[in-house]
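>>> Below: sequence and its predicted model.
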Amino acid sequence: MATSIANRQLLVQLQVGISASGQPKLQNHLFPNVDPAATEDSMAQVLSALTPLFQSQVYATGHVDTVEILPAASSTTTTV
């Protein structure tokens with residue numbers, strides 16, 4: 001079986017507060033329709049340009065991929 005990236009989204013995770021137990025309260029912002037062929041460097045450049053635009057503290061950045069599982073190509077041939 002082979003896999004292929006069906007969909008890619010950029011992720012910016014913001015810390016919007018602190019819970020009663022002291023854990024950070026996080027809010028995710030997803031930016032869809034990213035070209036699956038985009039390189040790690042190009043996505044990092046876009047994320048570094050986006051992060052100053054948020055008022056809350058940026059907790060994490062990254063990307064989310066939806067992967068499609070493709071059936072294996074048959075390597076046998078049939079002769080009649």
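In hand now; what should we look at?
>>> got a list of contacts for the longest strand seen in the chain?
When the chain is parsed with DSSP state E, its longest strand is strand 2-18. Strand 2-18 is contacted from outside by 24-36, 38, 43, 46-47, 50-51, 54, 56-70, 72-73, using Cβ atoms under 8 Å, 6 or more residues apart in numbering. (Each C-beta comes from the backbone N, C-alpha and C, glycine too.)
>>> Write a ChimeraX command that selects only the buried members of those residues.
In ChimeraX, a selection of the buried entries from the contacts of strand 2-18 looks like this (16 or more other Cβ atoms under 10 Å):
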select :34,43,47,58,61,63
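>>> which element is Val67 on?
For Val67, the host element (DSSP states H and E) is strand 57-70.
>>> tell me the phi and psi of Val46?
Torsion angles at Val46 (phi, psi; degrees, to the nearest 10) stand at phi -70, psi -40.
>>> who touches it in this structure?
So Val46 contacts Leu10 (Cβ under 8 Å, 6+ apart).
>>> any idea how far Asn33 is from it?
Val46 sits 12 Å away from Asn33, going by Cβ to Cβ, to the nearest Å.
>>> One more: Leu14?
In terms of Cβ to Cβ, Leu14 sits 21 Å off from Asn33.
>>> Also Ile18?
Ile18 is 33 Å from Asn33, by Cβ to Cβ.
>>> State the phi and psi torsions of Gln45.
The phi/psi pair for Gln45 (degrees, to the nearest 10) reads phi -60, psi -40.
>>> what's the neighbour count on it?
11 (other Cβ atoms under 10 Å).
>>> Next one: it relative to Asp35, how far apart?
In terms of Cβ to Cβ, Gln45 sits 14 Å off from Asp35.
>>> Much appreciated, bye for now.
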